[in-house]
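Peer 1: Sharing a model prediction with you, sequence too.
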Amino acid sequence: RQSGRRFNLFLKRRLRIDKRHESKDSIFFRDGVRRIDFVLSYVDDLNKEWEKKLERRKEFESNLQKAGLKKKKKDKKESEDGKIYFVKIHAPWEVLITYAEVLNIKVPIKENDIPSMVENPLDCMLAPLRLPEKVMHPEPDYFTAPFSKDKQELYLINDESTFFSPSMRNRIVNYILTRCPYGTEEGKKKFGIKRLLNNGTYSAAYPLHDCQYWKKANDPNCDNERYTLYMEWARFLRFYKEQPLDLIRKYYGEKIGIYFAWLGFYTEMLFLAAVVGLICFLYGLFTMDENMSSKEICDPEIGGEIIMCPLCDRECDYWRLNTTCESSEYSHLFDNVATLFFAIFMGIWVTLFLEFWKRRQARLKYEWDLVDFEEEQQQLQLRPEYEAKCTQKKKNPVTQEMEPYLPITSQAVRFCISGTTVLFWVSLIIASMIAVIVYRLAVYAAFASLMENTQNLQPIRGLLTPQLATSVTASCLNFVIIMILNFLYEKIAIWITDMEIPRTHMEYENRLTMKMFLFQFVNYYSSCFYVAFFKGKFVGYPGAYTYMFNRWRNEECDPAGCLIELTTQLTIVMAGKQIWGNIQEAIVPWICNWWGRRKARNNPENLYSRWEQDHDLQTFGPLGLFYEYLEMVIQFGFITLFVASFPLAPLLALMNNILEIRVDSWKLTTQYRRPVAAKAHSIGVWQEILNGMAILSVVTNAFIVAFTSDMIPRLVYYYAYYENEDSPMSGYINNSLSVFQISDFPDRNKPKLNPGNFFICRYRDYRYPPDHERKYLHTMQFWHILAAKLAFIIIMEHVVFIVKFFVAWMIPDVPADVTAKIKREKYLTQKILHEYELEKLKERLCQGDKRATEKEFITTEGRMELSRAM
């Protein structure tokens, strides 16, 4: 035994010595020529399924070799922990060109000769924001064409080892891995690396980063793109610099590139909204002392003499209006004339943002060779899961080939189960919101009693009213419930989407997106909708209050209005979500990686190989980008749907997004394994969601200004019911409060004590006094105000919608220069291809090839003429 241990120790030392000759930054096999395109890892776990996993791996790796891939296995004794096996995979040239044709990958055929855009005269001013040209444009611009094995002479192939970029190579290898079979189980053919990862046969599958992020690799063949991205993009100190979108696209693929392009453009557009919102906020701040309503509330001779009816039954006392002095002053910050202007401005801003993004997206589609991608996507093979689970086949009417399909009956059953599940979870959110409302109603009396009887709270009682204390605690409770439901629903949404068996990857993402967004929409916005449109609207009046479940009395708004409470709710949920999101995105992965790398710090740096370094990083899964979009779209809803109540929301979003871009880039570059490159020509279904929210935002903001703020009642009083011509707004507070005779209180509502021996109390409504023949019924002023609110909604919606549609019509979706470039490139590409075919035909004719007939020659020349004419 002792001699055996010595031999094992000698062998392990020898392996470590051999390993020293292999650079830890190496992304090549030991020969230094063949590139490592993908790495598989697994651990030998000697359980009851060990033999089955071993058999699967043997079959899978054997089939990979049959597909043409080269592999090399690293024994577990060579790994740092002595437990993990690594399988390094290389795709030879023949495999790459075969699957490049299958995937319709576009490659260079000629350097672009179209002149670049005219220089911007402001470029000299924007120079501090620019990155070096080599970083912004890492490779020349080319005319491209889909790759074909038979036309290799046509393409600009200078070096076979670098012709396909690493992102293209890992995309091709991943395509093979997802479709490679590994045997038959339970009478069904099994294939795909995803299944093998799910059942534990392999522990990880990932492409390699090209170097360490904090320093360049020693290998001269390494591009060091990860290092460049970290130094020029992922550090927070570069927050003011533009993003190197072409380099991001080259390293991570078009799908991640278009996300950062959209996020950067959204952040740029937020700057304008944030500036206008800040100006509107400052207007409210500087005119706070001129607000007649808060002046009257704070005046001891007016607000101090007005006795208000109790805000809860039995336990609450009568109170003086001037106790809400501070909150009424702060409400003016958000409830003023500038609020109306900002609501209209944001309706137009949303349209400008979406229309200009379409133009930016069209330019990216041209620059990144994605113009024909939509058609290509339809021609790509089905999802491996769809092919595996659908045993029945039918002829595709387009390709005329047999392909799997899911029967209509099976689809109907799956959709019914899916729809029922989504409705159940949406109902659960509504139930939780009702529970929070019940909490608000139940604790209000407790807060009122606590603040009345606790001497320590007397100094802050003017600022922290029972309404505000209830609103803040309810908002925090609501935020916690939101986070818990989000965590649970994510698992359910993925499960039911998998159960539906979508046909393509795009279909899968679109279905999951709609489910998750519907849930998140209800989850995040339901509480804001309650405060904005329901709270204080169905209260009744003293002696005839309305009750929820015949037990809890409905909430009333503050005498200064409900807008300040909506602002509080919006701020807590929006800011809380952003802070929590950044903690999840940055701190959690860093802690996990720090914990995972703790063993490596005890070993010499040159023994910690590139594949082991990447193995210890976090996984950026196929839904990683989905969650990034979801986070930003939910934020977009906060700054559009309820922006009339909080003009500073775009400023908060801008500050968050400046941080978000750097956090996302930092975690992607330093904390996550390199994602598999994927193509995308747009932001997908998110574009339609943003369009829908833009239209809904006009409606919600019109209703907020009309029904949640006090603007319309003040305007009606100013023009129709003023009492003093010299100061039309004086007397507004007294006019907006109705009178109730305390002796009319039923026992259920009547306070236990009346130490002031008050005979009447006031409440917020427009009703006739107790001595009027129409006692406690609505006055004519109430109906005038209601008519004015409805008229305002109709006018504002029509004005904003007309302006929106006019702006959208005026701005073309595709810039004129991009349209011209697309046509020019198509023409030149067709010309080059046809000239190539003509030359090949001439060669065959000269060589006496009988198959190259005169008719074929004339046809090719005809196509060239047609190309020129087009």
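Peer 2: Nice, I can see it. Numbering: from 1, shown residues only.
Peer 1: gap between residue 781 and residue 547?
Peer 2: 27 Å (CB to CB, to the nearest Å). Bear in mind the C-beta positions are built from the backbone N, C-alpha and C, glycine included.
Peer 1: Tell me which of these two has more neighbours.
Peer 2: The neighbour count for residue 781 versus residue 547, taken as other CB atoms under 10 Å, is higher for residue 781 (17 against 13).
Peer 1: which other residues reach stretch 405-420?
Peer 2: Contacts of stretch 405-420 from elsewhere in the structure, counted by CB atoms under 8 Å, 6 or more residues apart in numbering, are 386, 390, 392, 393, 394, 496, 497, 499, 500, 501, 503, 515.
Peer 1: Ok, stretch 565-574 next?
Peer 2: Against stretch 565-574 from outside (CB under 8 Å, 6+ apart): 334, 467-468, 471-472, 475-476, 478-479, 482, 524, 527-528, 531-532, 535, 557-558, 635, 638, 642, 645-646, 649, 652-653, 704, 708.
Peer 1: How about stretch 281-290?
Peer 2: For stretch 281-290, using CB under 8 Å, 6+ apart, the contacting residues are 294, 329, 332, 333, 334, 335, 336, 338, 339, 647, 648.
Peer 1: from those residues, which would you call buried?
Peer 2: 294, 329, 332, 333, 334, 335, 336, 338, 339, 647, 648 (16 or more other CB atoms under 10 Å).
Peer 1: re earlier: so which of the contacts of stretch 565-574 sit within helices?
Peer 2: 467-468, 471-472, 475-476, 478-479, 482, 524, 527-528, 531-532, 635, 638, 649, 652-653 (DSSP state H).
Peer 1: Residue 826: how many residues sit nearby?
Peer 2: 15.
Peer 1: check which helix or strand covers it.
Peer 2: helix 816-846 (DSSP states H and E).
Peer 1: Report the buried residues of that helix.
Peer 2: 818, 821-822, 825, 828-830, 832-834, 836-837, 840-841, 844.
Peer 1: Repeat that for stretch 183-198.
Peer 2: 190, 191, 192, 193, 195, 196, 197.
Peer 1: what is the mean pLDDT for that stretch?
Peer 2: What stretch 183-198 shows for mean pLDDT is 80.
Peer 1: ok, residues contacting that stretch?
Peer 2: With contact meaning CB under 8 Å, 6+ apart, stretch 183-198 is reached by 40, 55-57, 59-60, 174, 177-182, 202-205, 384-385, 388, 391.
Peer 1: let's see it at 6 Å
Peer 2: 59, 177, 178, 180, 181, 182, 202, 205, 384 (CB atoms under 6 Å, 6 or more residues apart in numbering).
Peer 1: cool, and stretch 248-260?
Peer 2: 138, 167, 225, 243, 245, 368, 625, 677, 678, 679, 680.
Peer 1: which one among the residues you listed gets closest to residue 421?
Peer 2: residue 625 (24.3 Å; CB to CB).
Peer 1: tell me the pLDDT at that closest one?
Peer 2: The predicted local confidence for residue 625 is 88.
Peer 1: Can we start the residue count at 6 from this point?
Peer 2: Done: numbering now begins at 6, and the last item shifts to residue 630.
Peer 1: Look up the pLDDT of the closest residue to it other than its chain neighbours for me, please.
Peer 2: Nearest residue to residue 630, sequence neighbours excluded (CB to CB, 6 or more residues apart in numbering): residue 264, at 5.6 Å. On pLDDT, residue 264 comes in at 95.
Peer 1: Surely residue 264 is in a helix?
Peer 2: Yes. Counting by DSSP: H, G, I helix; E, B strand; the rest coil, residue 264 falls inside a helix.
Peer 1: Would you map the strands across the stretch 406-555 of the chain?
Peer 2: 407-409, 545-546, 549-550, 552-553 (DSSP state E, counting those that start in this stretch).
Peer 1: what's in contact with stretch 640-660?
Peer 2: Everything outside stretch 640-660 that qualifies as a contact, by CB under 6 Å, 6+ apart, is 275, 278-279, 282-283, 285-286, 339, 344, 347-348, 351, 355, 533, 568, 571-572, 575, 579, 698, 702, 705-706, 709-710.
Peer 1: for stretch 766-779, same thing?
Peer 2: 311-314, 323, 546-547, 564, 742-747, 780-784, 786-787.
Peer 1: which among those end up buried?
Peer 2: 311-314, 323, 546-547, 564, 742-747, 781, 783-784, 786-787.
Peer 1: Now the biggest helix by length in the chain: average pLDDT?
Peer 2: The single longest helix within the chain, with elements called by DSSP H, is helix 413-458. For helix 413-458, mean pLDDT rounds to 81.
Peer 1: and it, how far out from the chain's middle?
Peer 2: 24 Å (CA atoms, centre = their mean, to the nearest Å).
Peer 1: Show me which of the ones in helices among the contacts of stretch 570-579 are buried.
Peer 2: Buried among the ones in helices among the contacts of stretch 570-579 (16+ other CB under 10 Å): 472-473, 476-477, 480, 483-484, 487, 529, 532-533, 536-537, 640, 643, 654, 657-658.
Peer 1: one step back: narrow the buried ones among the contacts of stretch 766-779 to those in strands?
Peer 2: Using DSSP state E, the members of the buried ones among the contacts of stretch 766-779 that fall within strands are 312, 313, 546, 742, 743, 744, 745, 746.
Peer 1: Quickly note the distance from the residue nearest to residue 176 when sequence neighbours are not counted to residue 72.
Peer 2: In space, and not counting its chain neighbours, residue 176 is closest to residue 682: 4.5 Å by CB to CB, 6+ apart. Relative to residue 72, residue 682 is positioned 19 Å away (CB to CB).
Peer 1: ditto for residue 328
Peer 2: 78 Å.
Peer 1: Next: residue 206.
Peer 2: For residue 206, the distance to residue 72 - CB to CB - is 18 Å.
Peer 1: can you tell me which residues contact the residue nearest the centre of the chain?
Peer 2: The chain has residue 634 as the residue nearest its centroid, 1.8 Å off, counting by CA atoms, centre = their mean. With contact set as CB under 6 Å, 6+ apart, residue 634 has these partners: residue 691.
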